[in-house]
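Undergrad: sharing a sequence plus its predicted fold:
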Amino acid sequence: MLEVAVGTGLLFREMVKRNPDGLNEGIDLSPAMLAKCEKLLASQPAQAWHLQQASAFELPFPANHFDLLINNYMIDLLPEADFERVLGEFHRVLKPGGRAVITYFATGTRWYHFFWQKLAQYVPALLTNCRPIDLKPYVALVGFEQIQTWEISQNSFPSVVLKCVKG
Ligand SMILES: C[S@@+](CC[C@H](N)C(=O)[O-])C[C@H]1O[C@@H](n2cnc3c(N)ncnc32)[C@H](O)[C@@H]1O
């Protein structure tokens with residue numbers, strides 16, 4: 001399994017716990033985030049995980065390599081012009097039949113989601129410059145199939161969880 005943009009590693013640690021006999025790779029652009037993640041992973045068996053500094057734009061893995069790729073709250077930081085390239089990388093490194101699960105800041109449909117839209121519009125720095133996006137058309141564009149989405153709301157913050165399969 002691969003997590004792109006592990007951040008502090010909270011989810012990556014859970015992935016390692018659930019897949020102790022598999023190979024769990026994690027990457028992030030930020031050495032500071034990787035250091036935090038590594039600290040969190042200290043109690044997990046060393047052979048079950050591997051972290052490295054890398055960019056989602058150029059994943060340091062061969063084609064058709066992973067069964068599952070996870071990426072949370074990273075693409076909503078990127079310019080829309082880069083979506084296709086990054087998703088193309090996700091598609092490349094997955095095996096045929098492999099799944100990608102991507103979570104991102106979305107517009108949302110509840111009245112209070114409006115607050116988050118306006119915050120992203122007028123005070124983006126408060127949200128570390130992420131903004132609501134719609135990834136579904138781009139995921140289809142790079143060749144993913146069986147695209148499913150779920151709208152979720154965490155403490156009123158609207159996100160979409162998107163699952164898709166490499167055909
Ligand atoms: C908002 S944090 C999310 C971290 C984690 N996925 C989570 O949900 O808690 C965004 C992360 O994306 C990483 N990031 C940003 N651009 C990246 C890129 N091009 N390649 C890899 N990681 C990137 C940042 O370093 C940061 O750790």
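TA: Perfect, I can see it now. None of these values were measured; they are calculated from a predicted model.
Undergrad: run a quick neighbour tally on Thr107.
TA: Using other Cβ atoms under 10 Å, Thr107 has 16 neighbouring residues. Every residue, glycine included, has its C-beta placed from N, CA and C.
Undergrad: err, Ile147, not the other one
TA: For Ile147, using other Cβ under 10 Å, the count is 15.
Undergrad: which of the three states applies to the residue located most distally from the centre of the chain?
TA: Relative to the mean C-alpha coordinate of the chain, counting by Cα atoms, centre = their mean, the farthest residue is Trp111 (26.3 Å). Under DSSP: H, G, I helix; E, B strand; the rest coil, Trp111 falls in the coil class.
Undergrad: what does the one 3 residues further on give?
TA: With three-state DSSP as the basis, Phe114 sits in helix.
Undergrad: same check on Arg13?
TA: Following three-state DSSP, Arg13 is assigned to helix.
Undergrad: ok, it touching Ala42?
TA: No - counting by Cβ atoms under 8 Å, Arg13 does not reach Ala42; the two are 9.9 Å apart.
Undergrad: neighbour-wise, which of those two wins?
TA: Between Arg13 and Ala42, counted using other Cβ under 10 Å, the more crowded position is Arg13 (20 against 8).
Undergrad: check what pLDDT that one gets.
TA: For Arg13, the pLDDT comes out at 98.
Undergrad: ditto for the one 5 residues further on
TA: For Arg18, the model assigns a pLDDT of 96.
Undergrad: I'd like to know how far it sits from the ligand.
TA: The gap separating Arg18 from the ligand is 17 Å, by Cβ to the nearest ligand atom, to the nearest Å.
Undergrad: check which element follows the helix or strand hosting Gln121 along the chain.
TA: Following DSSP states H and E, one finds Gln121 within helix 113-122. On the C-terminal side of helix 113-122, the closest following helix or strand by DSSP H and E is helix 136-141.
Undergrad: the helix holding Gln121 close to the ligand?
TA: No - counting by Cβ under 6 Å from any ligand atom, no contacts exist between helix 113-122 and the ligand, the nearest distance being 13.2 Å.
Undergrad: three-state assignment of the residue in the chain positioned nearest to the ligand?
TA: The nearest approach of the chain to the ligand comes at Gly7, 2.5 Å away (Cβ to the nearest ligand atom). Secondary structure assignment for Gly7 (three-state DSSP): coil.
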